[in-house]
Structures are given as C-alpha cells and as structure tokens.
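A.B. asks: Pasting the sequence and the predicted model now:
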Amino acid sequence: MARFTSGRTSIRDAFLAILAAQAGRGGGVLSGEGREPFQQAEIVSCQEDAMRTENCNPEERDIRRILPVVLRITLSLILWTLGSGMAINLAAEAAKEHRVTYTFAVDRDQTENLQRWVNEGHDRWCRDPKLVAVAAMRRLSEEFEEVEAASMPLELEQREQREAVYTFHSVDGLKTYRITVRRFEWLMPTAGSVHRMIWVPEKAEIVTRTVLD
C-alpha cells in the first residue's frame, strides 16, 4: 500500500511541477489557492482506492483461495480415473480366459445299482464328495490318472447337504477346474438316509487362461 501511494504522489508532484513551470512563463493554470483543493481531492482518491483494496469482500477472497485447490483436486481425480481404466484394460488384454463346461451323463438305473453296491460295503469312497470330485477330474484329463487323491489340492468352494463344489488350480495358474458333485434326491429310497447316499459328478467347468506377450 505504501508503494501504491508513493507512485501516485510522484505523478502528482510531476504534474504540479509542470503547472509551476507554466505559471512561471505567465500561463499559470492554478494559483496557490487553487492547488490546495486539487491536492485534497488527490489524497481522498488515494485513500478510497486503498480502502477498496483492503476491504475486499471476505467471501470473494475465500473463493479465490479455494478455487485453485478445487481445480487441482478435480484434475487429479480425472487423471487417476483414466489411469485405473487403462490398468484394467491392460490386465484384461494381458490374459484371456476360455471357459468350457461339461455335463456328466447320469444314468438313473446305473446310479441306483451303484448305490446298492455301496450299501453292501463296497467303494465307500463314493460317499466322500472330495474323492468323487477327484474321480471326475480323472475322467476329464489323463494327467490326473496317476495322481493320488489324497495329494490333490482341491479347495472346497461350496458345501451343502446335497451339493458340493470343489476347485483345483494348476501350478502355473493357467487352468482352473471347478467340479460340482450332487446327491440326487431320487436315491433316497435306495440309500435309506441322506448320509448313506452317494455323491455323483454333475458338471465340470474348465477355465484356461492364455497369457499374451
């Protein structure tokens, strides 16, 4: 504010000097009495300008301070959103999935005969849903024929009274087997109770992932 007043005062002094020079040459425009009102008007003008500068609306000052911050945050959010979208697209392009679903054919007469065979004390493993899921995987791929059932790292994904879902992931992570086994309700008369019922493979889903270079 001191700098602003000094600049205005210098202009005023220069202007008065010009007037004094003209007065000395006989062409005076302002007398000593006329110069005082001019100086007073100039001082009032400087004071009003300074008051307008100092007494600016507080809300307007706050908006001027906050607006750049809001704009920077908005720009950051936009850039972050664009970056996330690009990362998701790149991840989807890096690995593509191929899904194949197999439905096991279930012959009711043969299944009921198997239930009777188990009731007589044979192949009791048919009452273990995990072992039945391993047997189903052996039917899907020859690579599991020599693998012992106890060493198969199957994960139980879902287990209900009449349905169970197991998942197996290959070591390289490029293939996933999802096996669903079921206790069919129509086996109840032959089994005698739910706990004596055998589990039967119902369907299998194989997910193969292809990694793109």
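C.D. replies: Right, received. Where do you want to start? Everything numeric here is computed off the predicted structure, so don't read it as measured data.

A.B. asks: Grab the longest strand from the protein for me.
C.D. replies: strand 200-211 (DSSP state E).

A.B. asks: Flag every buried residue along it.
C.D. replies: Buried residues in strand 200-211, counting neighbours by 16 or more other Cβ atoms under 10 Å, are found at 200-202, 204, 206-207. Just so you know, the C-beta spots here come from the backbone N, C-alpha and C atoms, and that holds for glycine as well.

A.B. asks: Can I get the residues you listed in CSV including pLDDT and distance to residue 177?
C.D. replies: What follows is the buried residues of strand 200-211, written out as CSV (pLDDT from 0 to 100; distance: Cβ to Cβ, whole Å):
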residue, pLDDT, distance to residue 177
200, 96, 17
201, 95, 12
202, 95, 14
204, 94, 6
206, 91, 6
207, 92, 8
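
A.B. asks: any idea which of the residues you listed is closest to residue 155?
C.D. replies: Distance to residue 155 across these (Cβ to Cβ) is lowest for residue 207, with 13.9 Å.

A.B. asks: could you pull out the strands for this protein?
C.D. replies: 95-103, 155-159, 163-169, 175-182, 200-211.

A.B. asks: Name the residues that touch the second one?
C.D. replies: Strand 155-159 has contacts (Cβ atoms under 8 Å, 6 or more residues apart in numbering) with 129-130, 164-169, 178.

A.B. asks: Which two among those are spaced furthest apart?
C.D. replies: 129 and 169, at 18.5 Å, using Cβ to Cβ across the contacts of strand 155-159.
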